[in-house]
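Q: take a look and give me a structure for this.
(one chain, ligands or ions: 1)
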Amino acid sequence: MAQRTPWSLSGALKGMFQKPTIDETTWDDLEYALITADFGSDIAEAIIDELRANVDRYHTTDPRDLQRMLREIVDARLSRFDPTLKLSERPAVVLMVGVNGVGKTTTIGKLARFISNAGRSVVVGAADTFRAAAVEQLGTWAERAGVAIVKPQHQGQDPASVAYQTVEHALGTGTEIVIIDTAGRLHTKGGLMDELAKIRRVVEKQTPIAEVLLVLDATTGQNGVQQAQAFIEHAGVTGLVLTKLDGSAKGGFVLAVQERTGLPIKLIGQGEKIGDITGFTPHVFAQNLVG
Ligand code: GDP
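A: Numbering: from 1, shown residues only. The predicted model follows:
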């Protein structure tokens, strides 16, 4: 998966796993490493309790067993959620939501390329109509990705009507996947949630919505989740995209965010370039995180 893994625990855990035997400091060091990596103290404690129970059950004193057990526990917890993107509808509509600055526009560009590289046609809809710069920036990404874009005819056009026209475009041209950008202004939250609800109502009259993906900046950790709470409560979110993992030392957040929100991670972004996106594979992530 990733070439750059600043969120890997391997550095923090190395000393511990190379010791000749498990002792009391092992548990303290492990708890410290997990909390530092943003697992959250409740999850860190639960993991350590499970590890202690396993160590007792298997009568092991070998730190390498501990590493393997930790990897398995992290993998099992990450795998409680289904990371598959559900794009089987024709067309499959993906609404992208999230607070400004998290990397939503970049993610749309990357996702459009990711999907078209898989041989499926894509159109993006610029339904963040209030900011002219947002429409322009999305246009640049659509061009880079080599996909079609439907833009508002004038600034401030009703976002739901742009979403409608984008789906119409897909229905008319047989385009398989529709990705719709939406506004991410944090102030006037009520207005934004009403706007998203209207987009969903209008689109659902045309075709079912396949995914509502909430984009979160991994470097902001739990604060970012709090900022995005209104989306989680009101926008019908079906999955998460974590961006900027290349700049985050907080690998544990990946596990904590699924458990705190109850939502599966479906994509991860690890860089600013168009190819810097991957699906989320719990097994690979656990391996890279724990070593
Ligand atoms: P938006 O306001 O949510 O649409 O955010 P943008 O897509 O404009 O991105 C905001 C900033 O984050 C830009 O400078 C992007 O290059 C950067 N960015 C987006 N995704 C990633 C990522 O996965 N890694 C890194 N390092 N930067 C990212």
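Q: going forward, measure contacts between C-alpha atoms and count neighbours the same way
A: Will do.
Q: got the residues of the stretch 151-291 of the chain near the ligand?
A: Residues of the stretch 151-291 of the chain found near the ligand (C-alpha under 6 Å from any ligand atom) are 243-244, 246-247, 269-272.
Q: how about the strands in the protein?
A: With DSSP state E as the criterion, the chain has strands at 92-97, 122-126, 148-150, 177-181, 209-217, 239-243, 265-269, 277-279.
Q: count the residues that sit near R57.
A: Neighbour count of R57, defined by other C-alpha atoms under 10 Å: 9.
Q: got the residue ranges for the helices in the stretch 1-150 of the chain?
A: Using DSSP state H, counting those that start in this stretch, the helices of the stretch 1-150 of the chain run over 10-17, 24-36, 41-57, 63-78, 104-117, 132-145.
Q: so which of these is the most surrounded?
A: helix 104-117 (a mean of 22; mean count of other C-alpha atoms under 10 Å).
Q: save the strands of the chain as TSV, and put in mean pLDDT too.
A: Below are the strands of the chain laid out as TSV (pLDDT from 0 to 100):
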stretch	mean pLDDT
strand 92-97	98
strand 122-126	98
strand 148-150	98
strand 177-181	98
strand 209-217	98
strand 239-243	98
strand 265-269	98
strand 277-279	96
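Q: as CSV, the ones you listed with mean neighbour count and distance to D158 would be great.
A: Formatted as CSV, the strands of the chain follow (neighbours: other C-alpha atoms under 10 Å; distance: least, C-alpha to C-alpha, whole Å):
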stretch, mean neighbour count, distance to D158
strand 92-97, 26, 16
strand 122-126, 27, 11
strand 148-150, 21, 13
strand 177-181, 26, 13
strand 209-217, 24, 19
strand 239-243, 26, 25
strand 265-269, 25, 29
strand 277-279, 19, 30
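Q: ok so, going back, closest to the ligand out of the helices of the stretch 1-150 of the chain?
A: Smallest distance to the ligand across the helices of the stretch 1-150 of the chain (C-alpha to the nearest ligand atom): 3.6 Å, for helix 104-117.
Q: circling back to that earlier point, list only buried entries from the residues of the stretch 151-291 of the chain next to the ligand.
A: If you count burial by 16 or more other C-alpha atoms under 10 Å, the buried members of these come out as 243-244, 246-247, 269-271.
Q: and the pLDDT at G146?
A: G146 is assigned 98 on the pLDDT scale.
Q: quick check: phi and psi on it?
A: phi 70, psi 40 (degrees, to the nearest 10).
Q: and it, what does it touch?
A: By C-alpha atoms under 8 Å, 6 or more residues apart in numbering, the residues touching G146 are R113.
Q: mind redoing it with 10 Å?
A: G146 makes contact with 109, 112-113, 116, 121-123, 140 under the criterion C-alpha atoms under 10 Å, 6 or more residues apart in numbering.
Q: circling back to that earlier point, in TSV: the helices of the stretch 1-150 of the chain, plus distance to V97.
A: As requested, these are exported to TSV (distance: least, C-alpha to C-alpha, whole Å):
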stretch	distance to V97
helix 10-17	33
helix 24-36	29
helix 41-57	27
helix 63-78	23
helix 104-117	7
helix 132-145	14
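Q: for V167, which of those helices is the nearest?
A: If you check each of those against V167 by C-alpha to C-alpha, helix 104-117 wins as the nearest, at 15.3 Å.
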